[in-house]
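Asker: Starting from these lines, generate the structure:
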Amino acid sequence: MFGIEVVDAAFLPAALVALAAGVLSFLSPCVLPIVPPYLAYMTGVKVSALRERQRSAVLPALFFVLGLSTVFLLMGYAASAFGRAFLQYQPLLVKASGAFVILLGLHFLHVFRIPILDREARVDTGERGGTAMGAYLLGLAFAFGWTPCIGPQLSMILTLAATDPPRGTGLLGVYALGLGIPFLLSALFIERSMGVMNRLKRHMGMIERVSGVLLIAVGVLLLTGWLGVISYWLLETFPALALIG
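Answerer: Predicted coordinates for the structure are as follows:
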């Protein structure tokens, strides 16, 4: 579309990373615990009422995901524009991006801490709970919140978007899916999802370490150029991928 092949062999490895990063963002210590109260606020009832299915949280959750997707897609477009502006410095940009992503991974593994990633910015949505517009505004506010959990993973995807301008917006869209689909599933299966979330809270340390390892692995792939090698291997192994786009 528009002369740009968004989905092809070169896109698939980065897209899988973006999807995994979105899911890990959902499972992070600063997102998972607030899912039930967020769903309750969006629906305009108490958490206990949600569990008793007095009101469905699916439609508000959908508008919430639309809100956060709006912000992430705009971020992807901006990152792509940045990448295009510095296209002649692309090899250097990729190396610098790899080093930056490795630093984010070390932050997640608590080798050291990056102070700016320990800050949180929120946008006040006002008293609009219980409406579709309120859920959409909450999604916008959530996406703008720069937390120590979402920050490194989102930074990694923005970095990938800047180093691959034609597919930058698509990568942020995939990241939004990875973060948003669990919200929708939590709203659809509210009783079961709350039980799963309570069990996952005991494994937050492991989830954080997995996130750190993922960040470092992507950083190494960028530094060594192996992300491109994997893309070419996929194209040679599965020639049909060249027809997608």
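Asker: so what's Tyr38 up against?
Answerer: Contact partners of Tyr38, counting by Cβ atoms under 8 Å, 6 or more residues apart in numbering, are 64, 138, 142. (Glycine included, C-beta is placed from N, CA and C.)
Asker: Phe64 is in contact with the second one, correct?
Answerer: In other words, Leu138. Yes. If you go by Cβ atoms under 8 Å, Leu138 and Phe64 touch, sitting 5.7 Å apart.
Asker: If you count surrounding residues, which of these two has more?
Answerer: The residue with the greater number of neighbours, taking Leu138 and Phe64 and applying other Cβ atoms under 10 Å, is Phe64; the counts read 30 against 22.
Asker: Next one, pLDDT for the more buried one please.
Answerer: For Phe64, the pLDDT comes out at 88.
Asker: separation between it and Val23?
Answerer: Taking Cβ to Cβ, to the nearest Å as the criterion, Phe64 is separated from Val23 by 17 Å.
Asker: Where does pLDDT dip in this structure?
Answerer: Counting by pLDDT under 70, the chain shows low-confidence ranges at 1-10, 44-56, 115-130, 145-151, 228, 231-236, 238-245.
Asker: What ranges does this protein have for its helices?
Answerer: 11-27, 35-43, 47-51, 58-85, 90-108, 132-144, 150-163, 168-188, 190-200, 204-224, 226-237 (DSSP state H).
Asker: mind putting the contacts of Tyr38 in a markdown table, distance to Ala99 included?
Answerer: Below are the contacts of Tyr38 laid out as a markdown table (distance: Cβ to Cβ, whole Å):
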| residue | distance to Ala99 |
| --- | --- |
| Phe64 | 35 |
| Leu138 | 35 |
| Phe142 | 29 |
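Asker: If we only consider those, which is nearest to Leu188?
Answerer: Checking the contacts of Tyr38 against Leu188 with Cβ to Cβ, the nearest one is Phe64 at 13.1 Å.
Asker: Geometric centre of the protein: which residue is closest?
Answerer: With distances taken as Cα atoms, centre = their mean, the chain has Gly22 as the residue nearest its mean C-alpha position (3.2 Å).
Asker: shouldn't it be in contact with Leu177?
Answerer: Yes. With contact defined as Cβ under 8 Å, Gly22 reaches Leu177; the gap is 6.3 Å.
Asker: which residues do Leu138 and Phe64 both contact?
Answerer: Shared contacts of Leu138 and Phe64, counting by Cβ under 8 Å, 6+ apart, come down to 38, 42.
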